[in-house]
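J.: here's my sequence, what's the structure:
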Amino acid sequence: MQTPGSTVLGYPRIGPRRELKRAVERYWSGASSAEELQSVAADLRRDTWAELAGSGLDSVPSNTFSFYDQVLDVARVVGAVPERFTALGLTPLDEMFAMARGHEGVPALELTKFFDTNYHYLVPELGPGSRFALADRKPLDEFAEALAQGVLTRPTIIGPATFLLLAKPAPGAPAGFVPLDLLEPLLDVYGQVLAELAAAGAEWVQLDEPAFVADRSPAEIDALGRAYRRLGELADRPRILVASYFGDLGPALPVLAGTSVEALALDLVAGRADSAAAAPALRDKTVLAGVVEGRNVWRTDLDAALATAATLLGTAGRVEIATSCSLLHVPYDLDAEPALAPDLRERLAFARQKVREVVLLSRALRQGRDAVAGEFAETGGVAAPAQRDERVRARLDALGAGHYRRGSAERRVAAQRAHLGLPPLPTTTIGSFPQTGAIRADRAAHRAGRLDDAEYVERMRAEIARVVRLQEDIGLDVLVHGEPERNDMVQYFAEHLAGFATTDLGWVQSYGSRCVRPPILHGDVSRPEPITVGWSTYAQSLTAKPVKAMLTGPVTILAWSFVRTDQPLGETARQVGLALRDEVRDLEAAGLRIIQVDEPALRELLPLRAADRPAYVDWAVDAFRLVTGGVADSTQVHTHLCYSEFAEVVGAIDGLDADVTTVEAARSKMEVLAQIGPGVPRGLGPGVYDVHSPQVPDVAEIEALLHTAQHWVGPERLWVNPDCGLKTRGEEETVAALRNLVSAATAARRS
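T.: Prediction:
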């Protein structure tokens, strides 16, 4: 039987130098045409197919490109476009961007995390009246485009069961409706796509079903089996590879193995090879052994990976080598980072290096290790150990229970009311303010040595002073310094903490045109000197209103970095927490009385299986409380969480023991408060302004959200704030939105 062969489950799509980001944002701003944007996209696809086809892989994926998000793309392919967007009468391209970003008062789809990654997807809205049809031919068009360039590809599509499980009931859907109820009509469209791909010459198609590495009900697993029994029995279709990633399929594995699909891809980095023993039907299948890590940047131990893949040889009909998941989650090329320390570089592999690892492991599996022994010695093997700092380890060993505690919540509330004197429904922002091109240019010039330290500090202070005056003019109650000196909320701290390294071109897509450069946490962590204290104290010196100092929490720093794997994650989190604790103490000593420790990734790192969650919650809460433990009762601790489903971490949010918790809530129209409102007895700030859309909310819209919020959160503990930081927004829209926010809060106080 023909097999898919060695492959990767996906590849980065933003371009080695973020070409897609720049092209998309030029189009949004009106600086380029749709034709120019499509030309950039076509070049990126062509280059990716040519690179992968020339790498030695046996199979090359297609349809891994997206202008914004692959889940959104599937919604458009199957015609799951809410009527509020079709009614706009836009071109298909602009309609797609309207679904992602909103359009002239029409709210965008909800944005949330893709499983336990820092990638975000747009949540499809489905109801009993949803009608599916092949409405967009993107997978077919890109297959044909690659074929015209001489590359026979394997189209890759989110599978039907996962698509429905990632969706949410549309507004107005009746109680009890779940999107999975629509499986049968959705399969009609998938069947049509498969038939047309087969007619076009596709030999394989990849359908991704990662939803089943999480806990699923018997009814959901039964739906998965029904889907692939039906698709497997189609007469006109390519061979089907069902790909899972981010963990073990568990009870879903024997169900899939019992269908007529020809191949399964298993994540053997986050999952275990011995789980395949539970599915004897794999003897008739090809199994793609995902032994090259797709989510982290460490070089593969080739001998260990080969041994793992070899354990499947007696279980599967045929074994091939693959990545554990799409390489979307790692940067393009380690060769673009010559400034990294040599002893660190020898431990790393980015997307292009991981492709080479897949090809080499595939040759070793087929030809024997001896045939590639020289290349194994050059490419693989055990890298140098992480750097240790015995002082850090001794400090952690000396900690006691008291280091993780604060005074009682009741005592803190009284002390903070007396000290801060804030009105009911206090207004604030989450931290960052819009960053102009001039600010970014100043940071780049300083980093390159073209701007000396004194001039750089003067320019950043001038921007801080401007932002403080602006906030006072708007009428906000708690101010921020605006963070002009920060490039990214994690990278900035990584640049000032020992144990981290940062890259120049290590960009990874987070959502849409938003790209980040995750730092590399490679050794023990400490804080050589204060990081934020000077900027925050300068801002406080300019105003009588309280200024909120801003830190990124230990869980989020880990979640948005590439983290060492040689010790438990909780131990690394405590190291980061101890470093941040030193920063909090210095901020408090300098007179800052409101300190925000952001943990937007708290839900993101939650294990996908319930059995693994208690241990995670324990160390995540401990790491945060280590940061804030021991501060004075009068010092108000805030935290911020965004773009996640919070029901499963309400206990953890409460355990953080923050005085005020701010959360994303605008896109979901305060739905999140049904999950967390009653469970967090202290201050709560549900976002009333969606900062990931260019739309400016009017006063009435914000008042309505505040009215809804007060159903869940009493006015004595309700705060008024945007969903998230404002760094990526324009100044004009930001000022307009914040003025409306203050006006709505003022009206709500009167009522």
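
J.: gap between the closest residue to L328 other than its chain neighbours and V359?
T.: Once flanking residues are discounted, L328 sits nearest to G10: 5.2 Å by C-beta to C-beta, 6 or more residues apart in numbering. Bear in mind the C-beta positions are built from the backbone N, C-alpha and C, glycine included. Separation of G10 from V359 (C-beta to C-beta, to the nearest Å): 16 Å.

J.: go on, G368?
T.: In terms of C-beta to C-beta, G368 sits 16 Å off from V359.

J.: what of A309?
T.: Distance of A309 to V359, given as C-beta to C-beta: 14 Å.

J.: same question, P169
T.: 44 Å.

J.: the more surrounded of the two?
T.: V359 (20 against 17; other C-beta atoms under 10 Å).

J.: at the geometric centre of the protein, which residue do we find?
T.: The structure's the chain has its C-alpha centroid closest to N118; by C-alpha atoms, centre = their mean the separation is 1.6 Å.

J.: secondary structure class for it?
T.: Three-state assignment for N118 (DSSP: H, G, I helix; E, B strand; the rest coil): coil.

J.: now the helix or strand of the chain with the lowest mean pLDDT - C-alpha only, PDB.
T.: Here the helix or strand of the chain ranked lowest by mean pLDDT, DSSP states H and E is helix 672-676, holding a mean of 79. Presented in PDB, the C-alpha positions along helix 672-676 are these (Å, rounded to 0.1, in the frame of the first residue of the first chain):
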ATOM      1  CA  VAL A 672     -17.300  34.600  30.800                       C
ATOM      2  CA  LEU A 673     -18.800  36.000  34.000                       C
ATOM      3  CA  ALA A 674     -21.200  33.100  34.200                       C
ATOM      4  CA  GLN A 675     -18.000  31.000  34.700                       C
ATOM      5  CA  ILE A 676     -16.000  33.100  37.000                       C
END
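
J.: how far does the next helix or strand after it sit from the chain's center?
T.: Next in sequence after helix 672-676, counting helices and strands by DSSP states H and E, comes strand 683-686. Centroid displacement of strand 683-686 relative to its chain, using C-alpha atoms, centre = their mean, to the nearest Å, is 23 Å.

J.: so which elements touch strand 683-686?
T.: Under the contact criterion of 3 or more C-beta pairs under 8 Å, 6 or more residues apart in numbering; DSSP states H and E, strand 683-686 touches strand 660-663, helix 672-676.

J.: how near is G191 to A243?
T.: G191 is 19 Å from A243, by C-beta to C-beta.

J.: out of those two, which sits in the busier spot?
T.: Taking other C-beta under 10 Å, G191 and A243 do not tie; A243 has more neighbours (27 against 17).

J.: where do the strands sit along the stretch 201-350 of the chain?
T.: 204-208, 239-243, 263-267, 286-292, 318-323 (DSSP state E, counting those that start in this stretch).

J.: which strands or helices does the longest one pack on?
T.: In this case it means strand 286-292. Judged by 3+ C-beta pairs under 8 Å, 6+ apart, strand 286-292 is in contact with strand 239-243, strand 263-267, helix 302-310, strand 318-323, helix 351-367.

J.: make TSV from the ones you listed and add mean pLDDT to it.
T.: Conversion of these to TSV gives the following (pLDDT from 0 to 100):
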stretch	mean pLDDT
strand 239-243	98
strand 263-267	97
helix 302-310	95
strand 318-323	97
helix 351-367	96
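
J.: rebuild the ones you listed as JSON lines, extending it with distance to I221.
T.: JSON lines is the format used below for the helices and strands packed on strand 286-292 (distance: least, C-beta to C-beta, whole Å):
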{"stretch": "strand 239-243", "distance to I221": "13"}
{"stretch": "strand 263-267", "distance to I221": "15"}
{"stretch": "helix 302-310", "distance to I221": "26"}
{"stretch": "strand 318-323", "distance to I221": "24"}
{"stretch": "helix 351-367", "distance to I221": "30"}
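
J.: buried sites along the one helix or strand L578 maps to?
T.: L578 is located in helix 569-589, with elements delineated by DSSP H and E. In terms of neighbour count (16 or more other C-beta atoms under 10 Å), helix 569-589 has its buried residues at 569-570, 572-584, 586-588.

J.: stretch 107-122 now?
T.: Quick answer for stretch 107-122 (16+ other C-beta under 10 Å): 107-122.

J.: farthest pair in those residues?
T.: For the buried residues of stretch 107-122, the maximum inter-member distance is 26.6 Å, found between P107 and D116 (C-beta to C-beta).

J.: any chance of the helices and strands packed on strand 683-686 in JSON lines, plus distance to G714?
T.: Shown next, in JSON lines, are those (distance: least, C-beta to C-beta, whole Å):
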{"stretch": "strand 660-663", "distance to G714": "14"}
{"stretch": "helix 672-676", "distance to G714": "12"}
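
J.: out of these, which one sits most buried?
T.: Of the helices and strands packed on strand 683-686, the one with the most neighbours on average (mean count of other C-beta atoms under 10 Å) is strand 660-663, at a mean of 26.

J.: direction included, what does that strand pair against?
T.: Applying DSSP bridges, strand 660-663 is found paired with strand 636-641 (parallel), strand 683-686 (parallel).

J.: what element comes up after the last one heading to the C-terminus?
T.: Meaning strand 683-686. Heading C-terminal from strand 683-686 (DSSP H and E), you reach helix 699-712.

J.: can you give the contact residues for that next one?
T.: 425, 665-666, 669-670, 673-674, 677-678, 686, 688-689, 718, 720, 740-741, 743-745, 747-748 (C-beta atoms under 8 Å, 6 or more residues apart in numbering).

J.: could I get the contacting residues of R395?
T.: Neighbouring residues of R395 by C-beta under 8 Å, 6+ apart: L578.

J.: could you number the chain from 504 rather than 1 from now on?
T.: Yep, numbering from 504; the last one is R898 now.

J.: the helix or strand hosting it: which residues count as buried?
T.: Using DSSP H and E, R898 sits within helix 893-900. Within helix 893-900, the residues that qualify as buried are V895, R898, L899, counting by 16+ other C-beta under 10 Å.

J.: for these, which one is nearest R953?
T.: Closest to R953, out of all of these and judged by C-beta to C-beta, is V895, at 35.0 Å.

J.: still on that earlier bit, I'd say the residue nearest to the centre of the chain and C1018 touch.
T.: No. Between N621 and C1018 there is no contact under C-beta atoms under 8 Å: 11.1 Å.
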